[in-house]
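K.L.:
Here you go, sequence then predicted model.
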Amino acid sequence: MEKTKDEVEEMGPAKDVPVTAKKNMLLIQSAYMGLFAILGAAFRILFAQLFGDECANPGTVGWLAASSPLCVTADGQAVREGGIIFADLPANMIGSFLMGMMQTTAALGLPGSVPIAWTSVDSWFQGWEVIHLAIRTGFCGSLTTFSSWNSAMVVLLFGTGTDFTIPTQILRTLFGYIIGTETALGSYVFGKKVAEWFYLWKNPEMAAEASAAIEKQKEGVYINPKLPTFERRFLPGLDVPGLESGIELERLDKIYKWKLSTENTRRVGHEDLHHLNEIEETVLGQKDELPKVLEEIASDRGWDLPCLLFWTRGADVRVEAPVSNDSFLFTNTLSIIVIFCTYLLLATGLVLIKDDQSTYDETYRTMMYSLLLAPPGALLRWYLSGFNGKWLPVPAGTLVANIIGSMVSITSIALEYVSPVKGFWRISTLRAIKVGFSGSLTTVSTFVSEVNGFLQVRKTQNTGYLYIVSTLACACTLASIIYASICNKKLFET
C-alpha cells in the first residue's frame, strides 16, 4: 500500500519533540484503526448472515427472524453441491468497492492533489487523514477477508470435518477462487470509476482541466500531476478559462519564457523529460533549492532557469494548501477513550448475555467475541504492510498476512470439527479467532488494490498475475496440509 505519511525529520536539540509527536500520531492512528476494524468486521458478519447464514442455519440470526434473508451465498462446505458463492463474497465485493472509492486523485490520474477523490477539493473531510487510513486499512481491510474465502474453498475441496462419504469438488473450488478474485477486482475498479465521476461532478473546474488535459495528451504533451494548480495547467498549455487572471504581467512574462524554453522537452518520451520534471517539482512543488547538477543541466539544455526562479520568488506564487489533522477528534485522550469504551461495551455484552436467555444468544456472544479480536488482526496487518516493497517483487507484507491468517483460520475450523468438547468458550474462541482475528488480519481489498496497480502498468502486468497465483496457491496449499492433517483427510477419498 502507498505510504501517506513522511518520516518525521529529527533536527538538532529539538529532536525529541518530533519523535514524541510521531509516537502520539501512531497511538491515534492505532486507536482509530482498531475502532474501524471493529466496524468492518461487524458489517462483514452481518452481511454473511443476511446473504446466507440464516438460510444455512435457520433460527440462529435474531435480527433476521422477522424478515426474509436473501439466501445468495452457500457455506463453501462439501456437505452439499455448491459453495462457490461463499459466505463472505458480498462483503469482499462491497469492501473492495469502497477501497476503490477511497483512492487519491494521483492514484486515479486526475488533476489536483488531494487524498480523497470522491469529494470536493476543499471539503473538510480532505484533512482527516487519520480517518482515511482507518477506513482503508481498518474498515475496508476488515470488511473484506481472504482467510474465510480461502478456508471455504479448502473445506469445499476436502469435505466437512471427518466425514469420509462426501466427494471432493475440485472444479468448484477452482472456480470459487476465480470468481472471488474477479468479483473483488471488478468491484475495486468500479469503485475507482465512481470516485472519478464524483470528483468531476463535485469539482467542475477540475473537470474542465481534465478535458483539456485529454486533448493535450493526444498531442503527446506530458502533464505533471505533482505541480501546483496554476503551473500544472499553464506550462503544458491547457485551455482553462480565466487561468491567467489576477497575475502581474511581468511575472506572467517570466513563467511564459520558461514555458517557451522547455516546450519541446515537454513531450512524452523525450530523453530530458525526467530532468525537467525533477527541476519543476523541486522548485515549484517542494519550494526547495535546486541542486547544482540540475542547474547545470538546465543551462546546457538552454532552459530559461532565471525566469523560473524569478517566478517562484514572486509574492503571488500559488501554494497548494496542505491538509491538516488538527481537530479535537484526533487527540490521544479522545482516541483512547473511544476504543476503550468500545472494548468495554463488547466485553460487557460477552459476559452478561447468557446462553439460556434466547435461542440467538450464542450467535450474539460469538459476534462480540469476534469483534474483540478484530483490532489485533488489523493492526498486525498494518505493521506487516511496512514490509511491502522489500525482499519480493510482490507486496511481501500483504502476502504474509494473507497466508498466516489463512493458516490460522483453517486451523480453527479443523479444531472445531474434531473437538470432543463443544462448550461455548471453546467453540466460540475458535470461531472468534477465525472470524475476528484471521478475518481482519487478512484482506481482499488491499490485495486487489495492489493487483490492480500492477495490471495498470504494462511492464508489471506479469507481476500482477504472479501475485494472484502465488497468493492463492500458497494459501490453498498450506491450509490444505493443515486441514488434512488435523482431520486425517485424503484429497481423493470418496
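P.N.:
Noted; the coordinates are in hand.
K.L.:
contacts, neighbours, all on C-alpha from now
P.N.:
Fine.
K.L.:
Tell me where the stretch 351-494 of the chain has strands.
P.N.:
In the stretch 351-494 of the chain, no segments count as strands under DSSP state E, counting those that start in this stretch.
K.L.:
Also the chain?
P.N.:
Assigned by DSSP state E, the chain shows no strands.
K.L.:
least trustworthy helix or strand in it by mean pLDDT?
P.N.:
Scoring the helices and strands of the chain by mean pLDDT, DSSP states H and E places helix 54-56 at the bottom, with a mean of 56.
K.L.:
Low-confidence ranges, the stretch 151-300 of the chain, go.
P.N.:
Along the stretch 151-300 of the chain, the model assigns pLDDT under 70 to residues 161-168.
K.L.:
One more pass at 80, please.
P.N.:
Scanning the stretch 151-300 of the chain for pLDDT under 80 picks out 159-169, 241-247.
K.L.:
what about the helices in it?
P.N.:
Using DSSP state H, counting those that start in this stretch, the helices assigned to the stretch 151-300 of the chain run over residues 170-202, 204-218, 229-234, 249-262, 273-280, 292-301.
K.L.:
just so I know, which of these lies nearest Thr443?
P.N.:
Distance to Thr443, taken as CA to CA, is lowest for helix 170-202 among the helices of the stretch 151-300 of the chain, at 10.9 Å.
K.L.:
thought Arg431 was touching Leu371?
P.N.:
No: using CA atoms under 8 Å, Arg431 is not in contact with Leu371, being 11.0 Å away.
K.L.:
Out of those two, name the residue with the larger neighbour count.
P.N.:
Each of Arg431 and Leu371 has its neighbours counted (other CA atoms under 10 Å); Leu371 has more, 29 against 21.
K.L.:
need the contact list for the more buried one.
P.N.:
Ile38, Ala41, Ala42, Leu346, Ala432, Gly436 (CA atoms under 8 Å, 6 or more residues apart in numbering).
K.L.:
change it to 7 Å
P.N.:
Taking CA atoms under 7 Å, 6 or more residues apart in numbering, we find Leu371 in contact with Ile38, Ala41, Ala42, Gly436.
K.L.:
For Arg233, see how far away Ile279 is.
P.N.:
From Ile279 over to Arg233 the distance is 17 Å, taken as CA to CA, to the nearest Å.
K.L.:
And Ala414, by the same measure?
P.N.:
According to CA to CA, Ala414 stands 60 Å off from Arg233.
K.L.:
again, but for Gly436
P.N.:
As judged by CA to CA, Gly436 and Arg233 stand 48 Å apart.
K.L.:
Endpoints of stretch 196-207, how far apart?
P.N.:
One end of stretch 196-207 sits 10 Å from the other (CA to CA).
K.L.:
can you give me phi and psi for Pro241?
P.N.:
The phi/psi pair for Pro241 (degrees, to the nearest 10) reads phi -60, psi 140.
K.L.:
In the stretch 1-150 of the chain, what residue spans correspond to helices?
P.N.:
Per DSSP H, counting those that start in this stretch, the stretch 1-150 of the chain carries helices over the ranges 16-48, 54-56, 89-101, 105-108, 129-133, 141-143, 146-158.
K.L.:
Extract the C-alpha set from stretch 422-437 and format it as CSV.
P.N.:
Backbone C-alpha positions of stretch 422-437 (Å, rounded to 0.1, in the frame of the first residue of the first chain) are rendered in CSV as follows:
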residue,chain,number,x,y,z
LYS,A,422,-18.5,-28.4,22.4
GLY,A,423,-18.8,-25.9,25.3
PHE,A,424,-19.4,-22.2,24.5
TRP,A,425,-16.0,-20.9,25.4
ARG,A,426,-14.0,-23.5,23.5
ILE,A,427,-16.1,-23.3,20.3
SER,A,428,-16.6,-19.6,20.4
THR,A,429,-12.9,-18.9,21.0
LEU,A,430,-12.1,-20.9,17.8
ARG,A,431,-14.8,-19.1,15.9
ALA,A,432,-13.7,-15.7,17.2
ILE,A,433,-10.1,-16.4,16.2
LYS,A,434,-11.3,-17.4,12.7
VAL,A,435,-13.8,-14.6,12.1
GLY,A,436,-12.3,-11.8,14.2
PHE,A,437,-8.5,-12.2,14.2
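K.L.:
residues of it that come out buried?
P.N.:
Within stretch 422-437, the residues scored as buried using 16 or more other CA atoms under 10 Å are Ile427, Ser428, Thr429, Leu430, Arg431, Ala432, Ile433, Lys434, Val435, Gly436, Phe437.
K.L.:
for the helices of the stretch 151-300 of the chain, which one sits closest to Thr160?
P.N.:
Across these, closest to Thr160 is helix 170-202 (CA to CA), at 14.0 Å.
K.L.:
the inter-axis angle of the closest one versus helix 146-158?
P.N.:
For helix 170-202 against helix 146-158, the angle by axes from the mean of the first three to the mean of the last three CA atoms, to 10 degrees is 150 degrees.
K.L.:
For helix 170-202, enumerate the helices and strands it packs against.
P.N.:
helix 89-101, helix 146-158 (3 or more CA pairs under 7 Å, 6 or more residues apart in numbering; DSSP states H and E).
K.L.:
Endpoint to endpoint, stretch 234-244 covers what distance?
P.N.:
Start-to-end, stretch 234-244 (CA to CA) is 8 Å.
K.L.:
How far away from the center of its chain is it?
P.N.:
A distance of 34 Å separates the centroid of the chain from that of stretch 234-244, by CA atoms, centre = their mean, to the nearest Å.
K.L.:
what's in contact with it?
P.N.:
Defining contact as CA under 7 Å, 6+ apart, one finds that stretch 234-244 is touched by Ala208, Glu209, Ala212, Ala213, Val221, Ile223, Lys259.
K.L.:
Apply 6 Å and report the result again.
P.N.:
Ala212, Lys259 (CA atoms under 6 Å, 6 or more residues apart in numbering).
K.L.:
Next, the buried residues of it.
P.N.:
Along stretch 234-244, these residues count as buried under the neighbour rule (16+ other CA under 10 Å): Phe234, Leu235, Pro236, Gly237, Leu238, Asp239, Val240.
K.L.:
before we move on, what about stretch 22-40?
P.N.:
For stretch 22-40, burial by neighbour count (16+ other CA under 10 Å) applies to 25, 27-40.
K.L.:
Just the CA trace of it, in CSV.
P.N.:
Extracted in CSV, the C-alpha atoms of stretch 22-40 (Å, rounded to 0.1, in the frame of the first residue of the first chain):
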residue,chain,number,x,y,z
LYS,A,22,5.3,10.7,15.9
LYS,A,23,4.5,8.4,18.8
ASN,A,24,1.4,10.3,19.6
MET,A,25,0.2,10.1,15.9
LEU,A,26,1.0,6.4,15.9
LEU,A,27,-1.2,5.9,19.0
ILE,A,28,-4.1,7.9,17.5
GLN,A,29,-3.9,6.0,14.2
SER,A,30,-3.8,2.7,16.0
ALA,A,31,-6.9,3.6,18.1
TYR,A,32,-9.0,4.7,15.2
MET,A,33,-7.8,1.8,13.1
GLY,A,34,-8.9,-0.6,15.8
LEU,A,35,-12.3,1.1,16.0
PHE,A,36,-12.9,0.9,12.3
ALA,A,37,-11.6,-2.7,12.2
ILE,A,38,-14.4,-3.5,14.7
LEU,A,39,-16.9,-1.7,12.4
GLY,A,40,-15.6,-3.5,9.3
